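[1] Pasting the sequence and the predicted model now:
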Amino acid sequence: MNKPSNIVPSDKDDKKTKRGSLLERASGLFGLDKLSPASVPDKLEGEKAKKFAPKRRSVDPATSHEMPRRRASDWIGEAASATPSADTAPAVPPEPKTPDVTFSGPKREIARSLLREQGLIDPDGGASTLLEEFRIVKRQVLASAKTEGTPLARRVLVCSPHQNEGKTFCSLNLAIALAGERDLEVLLVDADFAKPSIMNKLGLSAGKGFMDMLADPTSKIEDFVIGTDIPGLWVLPAGQRTGRDSEYLASERTWSILNSLTRGARNRIVVFDSPPALAATPAAELAKHVGQALLVARADMTGRAALDDALDLLSACPDIKLLLNDVTFSPSGRKFGSYYGYGE
């Protein structure tokens, strides 16, 4: 066995010409040396130099020599201060302590027998299955309004994809159920300008209302609100139809008026009974002015495609809830009629 030894290169190897690479030797054997790349000038003149020259940042010569060197920590500190945070974000102006708009005036009587004939909640009739159902609905509405804590969340839109699906029925019952809360004021707005029915169902005469107020820039909304003998319930009629309902609802005056209804009024809920979403455009415009929407679907009648289309039209509202109406079967078996003597 040979003993391993260290091989030290001699100085003679350094003096020899280095052997070319495999590609270089192949180039010599096959005569490829003539295929050399084109020469490139050191400088490009004229327009070519301008075309290929890298873009430079313009620096004011008067101030360029005054710019000190920056540390990395300085840049990080500036970036952190430029990033918006919860502490630096613009604060929402606080609500005034008193409402911008207050309701007053005589209260009109609503016949309780008329409410019962239409299957609506009788505020003096005690507990009932219908009342308990809408107590569940109003608890969801009040919980959302309390969680958000904004004037917008205290405005609720009740809508349906098509007509005859029960949106006005749900609007009235929700408003009556909400008015039953202590220290709560409810304004029910008839926003179905084409087919207003709120006043008729309450047995009240219709007069000037919401649309008349929007059309007259000198009018005040409190002059059109009607009081009822149901404690806490006020009503705003639809008013005279103009043919430009959507244009009025999209105006700046509508924003101003609706904001004044809930600004400072922490114990006031405004409920809008709108036209069907797929039948008229005011529903989509009203969705921009509310913080909650109840989309009414009638069991065995409202289709899935209609619900999807209605949801798209109401998508300006940040909180949309589905309210299933006219249900005759409950998978859970829940039934209020047999509990604590509640009537059917």
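    That came in fine, so what should we check first?

[2] pLDDT on the helix or strand residue 270 falls within, on average?
    Residue 270 is located in strand 268-273, with elements delineated by DSSP states H and E. For strand 268-273, mean pLDDT rounds to 98.

[3] Just list what it packs against, helices and strands only.
    In terms of contacts (3 or more Cβ pairs under 8 Å, 6 or more residues apart in numbering; DSSP states H and E), strand 268-273 is packed against helix 129-148, strand 155-159, helix 167-179, strand 185-190, helix 252-262. For every residue, glycine as well, the C-beta is placed using N, CA and C.

[4] any residues touching that strand, and which ones?
    Contacts to strand 268-273, defined as Cβ atoms under 8 Å, 6 or more residues apart in numbering, come from residues 99, 141-142, 145, 154-158, 167-168, 171-172, 174-175, 178, 184-192, 198, 258, 261-262, 286, 290.

[5] In contact with residue 183, which residues are there?
    residue 267.

[6] Could you look up the SS state of it?
    Secondary structure assignment for residue 183 (DSSP: H, G, I helix; E, B strand; the rest coil): coil.

[7] Against residue 222, how distant is it?
    With distances taken as Cβ to Cβ, to the nearest Å, residue 183 is found 20 Å from residue 222.

[8] that older thread, select only the buried ones of the contacts of strand 268-273 in ChimeraX?
    Restricted to buried positions by 16 or more other Cβ atoms under 10 Å, the ChimeraX selection for the contacts of strand 268-273 reads:
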select :99,141,145,154,155,156,157,158,167,168,171,172,174,175,178,184,185,186,187,188,189,190,191,192,198,258,261,262,286,290
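
[9] ok so, going back, now do the buried residues in the strand holding residue 270.
    Neighbour-count burial for strand 268-273 [16+ other Cβ under 10 Å]: 268, 269, 270, 271, 272, 273.

[10] any chance of those in a markdown table, plus distance to residue 105?
    Putting the buried residues of strand 268-273 into a markdown table (distance: Cβ to Cβ, whole Å) gives the following:
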| residue | distance to residue 105 |
| --- | --- |
| 268 | 16 |
| 269 | 20 |
| 270 | 18 |
| 271 | 20 |
| 272 | 21 |
| 273 | 22 |
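
[11] Which one of those residues is nearest to residue 301?
    Nearest to residue 301 among the buried residues of strand 268-273: residue 273, at 18.9 Å, using Cβ to Cβ.

[12] Mind listing the residues bridging to the closest one?
    residue 158, residue 190 (DSSP bridges).

[13] right, and the helix or strand after the strand holding residue 270?
    helix 282-286.

[14] which helices and strands sit right next to that following helix?
    Counting contacts by 3+ Cβ pairs under 8 Å, 6+ apart, helix 282-286 packs against strand 155-159, helix 245-249.

[15] try 7 Å this time
    The contact analysis (3 or more Cβ pairs under 7 Å, 6 or more residues apart in numbering; DSSP states H and E) places helix 282-286 against helix 245-249.

[16] In contact with the residue nearest to residue 259 when sequence neighbours are not counted, which residues?
    Nearest residue to residue 259, sequence neighbours excluded (Cβ to Cβ, 6 or more residues apart in numbering): residue 151, at 6.5 Å. Shown in contact with residue 151 (Cβ atoms under 7 Å, 6 or more residues apart in numbering): 95, 259, 262, 263.

[17] Touching, the first one and residue 260? I think so.
    Meaning residue 95. No. Look at residue 95 against residue 260 with Cβ atoms under 7 Å: they stay out of range, at 11.6 Å.

[18] if we can go back for a sec, distance to residue 109 and mean pLDDT added to the helices and strands packed on strand 268-273, as JSON lines?
    Shown next, in JSON lines, are those (distance: least, Cβ to Cβ, whole Å; pLDDT from 0 to 100):
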{"stretch": "helix 129-148", "distance to residue 109": "21", "mean pLDDT": "95"}
{"stretch": "strand 155-159", "distance to residue 109": "25", "mean pLDDT": "98"}
{"stretch": "helix 167-179", "distance to residue 109": "15", "mean pLDDT": "97"}
{"stretch": "strand 185-190", "distance to residue 109": "16", "mean pLDDT": "98"}
{"stretch": "helix 252-262", "distance to residue 109": "25", "mean pLDDT": "94"}
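
[19] Low-confidence ranges, the stretch 201-344 of the chain, go.
    329-344 (pLDDT under 70).

[20] try 90
    Along the stretch 201-344 of the chain, the model assigns pLDDT under 90 to residues 206-207, 241-244, 280, 300, 326-344.

[21] Repeat that for the stretch 1-150 of the chain.
    Those would be 1-97, 105-106, 125-128, if you go by pLDDT under 90 across the stretch 1-150 of the chain.

[22] and the gap between the closest residue to residue 306 other than its chain neighbours and residue 302?
    Closest residue in space to residue 306, ignoring its immediate chain neighbours: residue 161 at 3.9 Å, by Cβ to Cβ, 6+ apart. Per Cβ to Cβ, residue 161 is found 6 Å from residue 302.

[23] Neighbour count for those two, which is higher?
    residue 161 (27 against 22; other Cβ atoms under 10 Å).

[24] ok, residue 109 touching residue 229?
    Yes. With contact defined as Cβ under 7 Å, residue 109 reaches residue 229; the gap is 4.9 Å.

[25] Doesn't residue 227 belong to a strand?
    Yes. Residue 227 forms part of a strand when assessed by three-state DSSP.

[26] so what's it bridging to?
    For residue 227, the beta-bridge partners under DSSP bridges are residue 107, residue 234.
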